[in-house]
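Enquirer: quick one, what's the 3D model for this:
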Amino acid sequence: MLHQNQGDRFAADGKLFEVGGQVFANGNSVYLGLFGVVQEIHTSDNRETGDGTLDIWCAFEPPESMELSEQFILALCDGTDQVDEINLDRVSMMSKMLEPIPRVPPKSTGVIYVLSYNVDSDDGYFCGTLAASPSVGVLLRVMLDDLNAQGMEFTLSNVADIDKELSFTYKKKEAGMDNLSLNYSITPLDILPAAEGGATA
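Expert: Got it, this is the predicted structure:
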């Protein structure tokens, strides 16, 4: 059966798709990185994808940069060398290739804190995420353990608490190196549930 009415919704692979709703092409598709809109959904036996769920026909926006265009063309591997030669207005996709984007984000069900770090030194700039927890104290423990694992002594030079975000700056002077700065931040993030009809895990 063909569904083209704006607002028609169907669930597949723990995701809720809506005709007229936005989607993002994930790494299961050569269209990775493109945003689009669902035009229609096929639920009958004449599906083209053959994955046993839905045919989701989408219109994608063209890549916004030369870098993304080159990545996209390389992934297609069909001899095409220009994005404007590729039909993005009507593309049949499997549900596993898409991430549906809800029209409005769901309300927060709580807060979790994220511990991240960055290192600024003569060797370059490095950053990452260490852990997440509903407890600030747990993340402080992780931060102190990470600091002790560095193999050198640091001095705490600055602490700030701005808009509920804690930041710590540790400094270390070393021969042949101007400043080695190790920075941590503990940031609160809203916990958002899955979209209505979507996966809960």
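Enquirer: only the buried residues of stretch 165-174, if you could.
Expert: Residues of stretch 165-174 classed as buried by neighbour count (16 or more other CB atoms under 10 Å): 166, 168-170, 172. Bear in mind the C-beta positions are built from the backbone N, C-alpha and C, glycine included.
Enquirer: scratch that, stretch 184-193 is what I was asking about
Expert: Result for stretch 184-193 [16+ other CB under 10 Å]: buried residues 184-187.
Enquirer: any regions of this structure where pLDDT drops low?
Expert: Along the chain, the model assigns pLDDT under 70 to residues 1-5, 44-53, 77-85, 173-179, 196-201.
Enquirer: put the alpha carbons of the longest strand along it into CSV.
Expert: What stands out as the longest strand in the chain, according to DSSP state E, is strand 177-191. What follows is strand 177-191, C-alpha atoms only, in CSV (Å, rounded to 0.1, in the frame of the first residue of the first chain):
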residue,chain,number,x,y,z
MET,A,177,57.8,23.2,26.3
ASP,A,178,56.1,26.6,26.9
ASN,A,179,52.9,25.5,28.6
LEU,A,180,51.2,22.2,29.0
SER,A,181,47.6,22.8,29.9
LEU,A,182,45.2,20.0,30.8
ASN,A,183,41.6,21.0,31.0
TYR,A,184,38.5,19.1,32.3
SER,A,185,34.8,20.1,32.2
ILE,A,186,31.7,18.6,33.7
THR,A,187,28.7,19.6,31.7
PRO,A,188,25.0,18.9,32.5
LEU,A,189,23.0,17.4,29.6
ASP,A,190,19.3,16.8,29.4
ILE,A,191,18.3,13.2,29.0
